[in-house]
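> Turn this into a structure:
(3 chains)
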Amino acid sequence: MSLQVSDLRVYYRSLAGDVQALDGATFSIADKEIMGLAGESGCGKSTLGNSLIRLDGRMKYVAGSVTLDGNKLPIWDQRGMNEFRFRDVSVIPQYAMSAMNPTRKIGKMTGELLESRGESYQDIKPELLRRLDLVGLQQDVLNRYPIELSGGMKQRMVMVISTLLNPSLLIADEITSALDVSTQRAVAETLVSFRDHGFVKSMMVITHDLSILYQTADSILVMYAGKLAEKAPTATIIDKPRHPYTKMLISSLPEVGIRYANKKLAGIPGSPPALLNPPAGCRFRARCPLAFDKCVEEPPFIQIAPDHSVACWKVTGSDA
Amino acid sequence: MTALVNTEPKLESPVGAPSAVATVAPARKGRGEFLYFALRSKKFLLAMGILLVLIAIAVLGPMIDGTDPVATDLLPMQPPSTDPGYWLGTTSFGEDVFAQFANGLRATFFVGLLGGGLAALIGMAVGFTAGYRGGWTDEILNMLTNVVLVIPSLAVLIVISSYLKARGVLFEAVFIGATSWPWAARAIRAQTFSLRSRDFIDLAKLSGRKGWRIIVEEIAPNMSSYLFMTFILLFGGAILIAASLDFIGLGPTGGMSLGLMMFNAVTYGAALLLGYWWWFIPPGLGIMATVGALYVMNVGLDEIFNPKLRDI
Amino acid sequence: MLSLNRVSKFYKVGTFGGKEMTAVRDVSFDVNEGEVVSLIGESGSGKTTIGKMVLKLIEISRGSIVCDGTDVAAIQGAEVKAYYRHVQGVFQDPFSSYNPIFKADRVFGMIRSEFFPGVPNSEWDAKVDAALRSVSLDPGQVLNKYPHQLSGGQLQRLLVARALLLELKILVADEIISMLDASTRIDVLNLLAELKGRGMGILFITHDLSLGNYISEKTVILRRGTVVEMGDTDKVFGNPAHPYTKVLISSVPQLHKKWADVEAEIQARGGDDAGTCLYHRFYRPTEFSGDTTDDRPAMIKVEDDHYVGCFELGQGICRV
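Numbers count the residues shown, from 1 in each chain, chains lettered A, B, ... in the order given. Presented below is the predicted three-dimensional model:
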């Protein structure tokens, strides 16, 4: 197994107490698998993605373990993680496009990044050029400043840089959100091609857009309010979801071909609970039309079919 | 100076911070929140303390001491002692230094308040108008600002004062106000520019609101902390300029001020030569304390108003 | 009701305003009562500029916008206020639309003081109550609160309620859904559909084709400031004529069809003269003189209620 996460809990420090942003995540990603991590804002997906590579000042590691290719990742230890970052785990952060230093030429920036990891820029350059060709960028982009590139080009550049050392796990955080529809497709397809070419072993694609995941991911993990709701192969999640939240979410998404006059879609009333003092039991309880008395107890995230896990009493049966 | 507009955390923030943080942010806004943090800021409290002490001296000092600051009927050249009338000693001419100090503080505060206030008003008027309207209005006001900025105010003052027989504190304050507003106008213009394109301004226009009302009711309140701090800096700046003018003899022809004390001490009293430190050190310290306290208060306020700078 | 006629917007750029940049060129379309018109375009297409020109927040450089007989460019002073009684807008970022230091319902207070000065308190409160309920908001939950205490969805609805306080005929909705969570999006969208049912005309500006397809009767596709295709929504989506429209539709990530399949469908529908510019196939001018854009019609009829512009405006090369 490429990545194994066990009961990971990461909270945010705040003036009023700990915000339980990620409260117990257990799942695994196999080699060559692209797993989509989906959910709405505040569900903990960005926290999960970021915690696997770097905990920023506000985040607090509480419990859980992360194993990558058999090695335990010391995610609570900034220094300790240094040898894993970029080589074994790599990330394309949100807003990566605007994160490139505007006063550095791209080639120089890449060189500095590699030197800081102890790699030689000259040695890697042939491979870098090969990959630029593969993603459809011209080689002279290395001599340009970020401001001279379009959004899609910048995003592809960041993708190439992040995967230069062939990491085992690539975390892509909302990489298509800020792009136009036509560029979105190009970037998403490029991402899949990285896995196909063997540049990365497995990927975690974080997004709120389920339709992009349908096009690119092998499996989808749906999160809600800091907890895992459902994980299954893509087709299952989209066509035969079991968790009430997943079902309601999917049926609230408009698609080309669905007209209001013919089929009126319905949303999910209410809003996610505040995570400062989350309610006991199932966190979707307040908005779930199927909630019953057992739901005051937290449902475990258990397997109901090969590769298909759900956290819902209605699905797994109340005497699980 | 840091930009202070829109310090609220966004609910649906995409940058990983959970929305739960925002929903529990304290519901008390404006005054309540300000006081809460003000009373916890060491810099603010320290500065406030110093200023209150100085204000107390300025207000109560002359009443307690009672002496006329320019009356020369005390023993001259006396160092400070606990005898009434001699708390800070006397000058070469037998004047009571403490009485001069206390009265001088009053004048200093007055000039600072009036001069700084005037500069703030002009700066706001020019800055808001140029920033909100843009276009030709902006170009013209910019030119005006730049012209006033580069005028050597000292030279102008010398020329004007050669025509005036007597100069009062009011004149000094107005002069300072009329020449030190450009940087405030520039800063306010920049902030207004950035606020002007926000959606809530468009919404106000769609509600039928007129330009000046939008500036006063939508833009200015959003910058209230910034405007307040600009005023504080102008206040301090005015005091410094007044002191410098007094020290070179271009201050008010009558009355008393801290700068004037130092001027007299050095020019007429040979205090430096003769070592009458009690004559020029208190006014110097007084100016330093006032302006320093104001600047420290400015930094403290920055922390209070901008949640990102708070080190809680 | 609302009629745009060859509307253009030019900006002077460069030092001393020497060069001219075209943001919008020759855009014409109508919005009638009880109808939603989607204005679909990617970033830089000029769609927001058009919305703001309709709202008189930006001046029109050329052409005319007429609403119920009133020429929008010509009105001034009190007439503008009268115009705003019938035409209002809601914008993309709910948190930017409110002055953060005041309470959210201040927006109602502004409407009251400008448009309903003499109205007694009880009558006004009843009016606000009715408006809130008509957008499915509970007055007790949203009145007297600060913007950061409410969710994005609630804030957007509040803005719609504000617009409903007036005798609204046209609502300009500029990307109002994009910053909302997936589960609340559909509710706001359904709300717009309801308003249309009550006789309002809505200009729905978006980059998301599925939303436009769901809710609108007419669709206008915008590229780089010009209309490339427009007409009845079913016809534009079902039988796209312009290559740009085809690219857009095939790039939208869908929930039940993979990209490759959508593209194949569109290709199959193409026909053997796919690629020949329809505009120039049907339009043969007898004479060209100088700036031909002023003489030629902007679009050519493909079928009833379905128009297309020259392919040069899109990605295909115009082959006459």
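> only C-alpha atoms for contact and neighbour calcs from this point on.
Will do.
> Not counting residues beside it along the chain, what's closest to residue B:109?
Nearest residue to residue B:109 in three dimensions, chain neighbours excluded: residue B:239, at 7.3 Å (C-alpha to C-alpha, 6 or more residues apart in numbering or on different chains).
> same thing with residue B:105?
Using C-alpha to C-alpha, 6+ apart, the closest residue to residue B:105 is residue B:58 (5.3 Å).
> Which of the helices or strands spans that neighbour?
Secondary structure assignment for residue B:58, by DSSP states H and E: helix B:42-65.
> Enumerate the residues of the stretch 51-200 of chain B near chain C.
When proximity is defined as C-alpha under 8 Å from any C-alpha of the partner chain, the stretch 51-200 of chain B approaches chain C at B:198-200.
> Tell me the one of the residues you listed nearest residue C:209?
Using C-alpha to C-alpha, residue B:199 comes nearest to residue C:209 of those, at 24.4 Å.
> Could you give the number of residues near the closest residue to that closest one other than its chain neighbours?
Among residues not flanking residue B:199 along the chain, residue C:97 sits closest, at 4.6 Å (C-alpha to C-alpha, 6+ apart). Taking other C-alpha atoms under 10 Å in any protein chain shown as the criterion, the count of residues near residue C:97 is 23.
> how about residue C:97, what does it touch?
B:198-201, B:203, C:91 (C-alpha atoms under 8 Å, 6 or more residues apart in numbering or on different chains).
> Which residue, neighbours along the chain excluded, lies closest to residue C:302?
In space, residue C:302 is closest to residue C:308, 6.7 Å off (C-alpha to C-alpha, 6+ apart).
> Local confidence estimate at the one you found?
Per-residue confidence at residue C:308 stands at 81 (pLDDT).
> Neighbours of it, how many?
Neighbours around residue C:308, by other C-alpha under 10 Å: 26.
> contacting residues around it?
Per C-alpha under 8 Å, 6+ apart, neighbours of residue C:308: C:228-230, C:241-242, C:278-279, C:299-302.
> what's the answer for residue C:178, then?
Taking C-alpha under 8 Å, 6+ apart, we find residue C:178 in contact with residue C:92.
> Grab the most central residue of chain C for me.
residue C:205 (3.1 Å; C-alpha atoms, centre = their mean).
> That one against residue C:174, yeah?
Yes: using C-alpha atoms under 8 Å, residue C:205 is in contact with residue C:174, at 4.7 Å.
> Can you tell me the SS state at residue C:203?
Per DSSP: H, G, I helix; E, B strand; the rest coil, the secondary structure class of residue C:203 is strand.
> burial of residue 113, as a residue count?
Because you didn't say which chain, this covers chain A. Residue A:113: 16 neighbours (other C-alpha under 10 Å).
> That was the other one, I meant chain C.
If we define neighbours as other C-alpha under 10 Å, then residue C:113 has 14 of them.
> And the helices in the stretch 51-200 of chain A?
Here the stretch 51-200 of chain A has its helices, by DSSP state H, counting those that start in this stretch, at A:78-81, A:106-116, A:121-135, A:151-162, A:181-196.
> ditto for chain C
C:47-54, C:78-86, C:106-115, C:121-134, C:139-142, C:152-164, C:182-197, C:209-215, C:233-238, C:243-251, C:259-269, C:278-282 (DSSP state H).
> Relative to residue B:287, which of these is closest?
helix C:106-115 (44.9 Å).
> Any buried residues in the closest one, and which?
C:106-112, C:115 (16 or more other C-alpha atoms under 10 Å in any protein chain shown).
> any idea which of the contacts of residue C:97 is the one closest to chain A?
Using C-alpha to the nearest C-alpha, residue C:91 comes nearest to chain A of those, at 17.6 Å.
> Out of the buried residues of helix C:106-115, which two sit at the greatest distance?
Going by C-alpha to C-alpha, the pair spanning the buried residues of helix C:106-115 furthest: C:106 and C:115, at 14.1 Å.
> CA atoms only for stretch B:41-51, dumped as CSV, please.
Listed next in CSV are the C-alpha coordinates belonging to stretch B:41-51 (Å, rounded to 0.1, in the frame of the first residue of the first chain):
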residue,chain,number,x,y,z
SER,B,41,-2.0,46.3,25.0
LYS,B,42,1.0,47.3,27.0
LYS,B,43,2.2,49.9,24.4
PHE,B,44,-1.2,51.6,24.4
LEU,B,45,-1.5,51.7,28.2
LEU,B,46,2.0,53.0,28.6
ALA,B,47,1.6,55.7,26.1
MET,B,48,-1.8,56.7,27.5
GLY,B,49,-0.3,56.9,30.9
ILE,B,50,2.5,59.2,29.9
LEU,B,51,0.1,61.4,28.0
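> Now do the same contact list for residue A:161.
Contacts of residue A:161 by C-alpha under 8 Å, 6+ apart are residue A:110.
> Kindly provide the distance from it to residue A:222.
28 Å (C-alpha to C-alpha, to the nearest Å).
> Check residue B:225 too.
43 Å.
> Could you tell me which ranges of the chain sit under the pLDDT cut-off?
Going with chain A. Low-confidence segments of chain A, defined by pLDDT under 70: A:1, A:318-320.
> The chain in question should be chain C.
Low-confidence regions of chain C, defined by pLDDT under 70, span residues C:15-17, C:270-276, C:279-298, C:311-320.
> How is it divided into domains?
C:2-93+C:104-233, C:239-320 (automatic domain parsing).
> and those, which is most packed in?
domain C:2-93+C:104-233 (a mean of 19; mean count of other C-alpha atoms under 10 Å in any protein chain shown).
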